[in-house]
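K.L.:
need a structure here:
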Amino acid sequence: MSDAAPPSDAAEPENTAGRDAAARDAAEEESAFSHPPVDPDATAAYGDHPDQVIDFYAPRGPGSAAPAVLAPLVVVLHGGAWRAPYDRRHISPFADFLARRGFAVASVEYRRGADAPDRPGEAPVAGRWPDTFDDVAAALDALPALARQALPQADPGRTVLTGHSAGGQLALWAAARHVLPADAPWRIDGPAALRGVVALAPIADFAVAEKLDVCGGASRQLLGGQEQFPLRQPYADPALLLPTGIATTVVQGRTDVVVPQAVAESYAEAAAKAGETVGLTLLEGAGHFPLIDPAADACAVVAEEIAQLAW
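P.N.:
Numbers count the residues shown, from 1 in each chain. Here you go, the predicted model:
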């Protein structure tokens, strides 16, 4: 006879909660991806690679046909764990949603991981080093001139960066280029001319993301694997690139099981330790995908957060 205690029913509620969370996340993802892609009003290249393009959406809000003032420019960086299957098309309904709110929108494409996984049955590799960062830096540098040509209704002097998930990391990183290590090829001399950053469920702290195995170790893959991770982390991890001196807000769903709330909280704590206040808007009853789902209330909250910085 075993001396072990009889099985407890205590694990059953936990398992049920986990199944409920997974089901809720799947439903939210299905809703966010149910919207048909929205074609841009214009597309411009910032490099020679097919992925080095920016889609532009003209403001469509009330009075946008003849605006008294130019519209703020919102730069959107899509998520998808820096993996090739997820491109800017999946976030085009969100870009259109912002355009219908009166913003001029620039949705940036960039090089992501290889199309095929390293081994059968595995997820595609996340990101390309240094290509992913090369592209975001080049896109932001080229954006003012491209926007003036493609979107005369836009005011590049009132630019807000936003990005979802992996794109949130890229938005925070792009706003921190002036605090990159001195030998970083993407470093700029001073803060970018931005009104601010609104990062949506960003992978904003790589150390915490790795502990939680966010997106199957995507941040580790982005930096080239475990051996390269500690060497490249100071060049890529937003939590290590503080303070930026640029107004920053993080919007996070409390029920997010893809990029958990702990990641956003850790970034905000790192900012506070660096002497900077980062706004943290926590949304009850929202997971990962409602932040970019035009059908979700959370998306309207995101637009309001952007407006507070842009206007």
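
K.L.:
Report the buried residues of the helix or strand containing Ala26.
P.N.:
Using DSSP states H and E, Ala26 falls within helix 11-32. Within helix 11-32, the residues scored as buried using 16 or more other C-beta atoms under 10 Å are 25, 28-29, 32. To be clear about C-beta, it is placed using only N, CA and C from the backbone, and glycine gets the same treatment.

K.L.:
swap in stretch 145-161?
P.N.:
For stretch 145-161, a neighbour-count test (16+ other C-beta under 10 Å) marks 146-147, 150-151, 153-156, 158-161 as buried.

K.L.:
what two of these are the furthest from one another?
P.N.:
Gln153 and Leu161 (18.9 Å; C-beta to C-beta).

K.L.:
how about the helices in the stretch 51-200 of the chain?
P.N.:
92-100, 131-150, 166-174 (DSSP state H, counting those that start in this stretch).

K.L.:
same thing with the stretch 201-311 of the chain?
P.N.:
Counting by DSSP H, counting those that start in this stretch, the helices of the stretch 201-311 of the chain are 206-211, 218-222, 229-232, 261-273, 297-310.

K.L.:
What residues of the third one count as buried?
P.N.:
Along helix 229-232, the positions that meet the burial threshold by neighbour count (16+ other C-beta under 10 Å) are 229, 232.

K.L.:
I'd like the distance from it to the chain centre, please.
P.N.:
Mean C-alpha position of helix 229-232 versus that of the full chain (C-alpha atoms, centre = their mean, to the nearest Å) differs by 21 Å.

K.L.:
ok, and what's touching it?
P.N.:
The contact list for helix 229-232, computed with C-beta atoms under 8 Å, 6 or more residues apart in numbering, reads 129, 206, 210, 219-220, 223-224.

K.L.:
Mind telling me the two of the residues you listed farthest from one another?
P.N.:
Largest pairwise distance in the contacts of helix 229-232, by C-beta to C-beta, is 15.9 Å, between Trp129 and Glu210.

K.L.:
what's the average pLDDT for stretch 152-168?
P.N.:
When pLDDT is averaged over stretch 152-168, the result is 97.

K.L.:
Isn't Pro93 up against Pro36?
P.N.:
Yes: assessed by C-beta atoms under 8 Å, Pro93 is found in contact with Pro36 at 7.4 Å.
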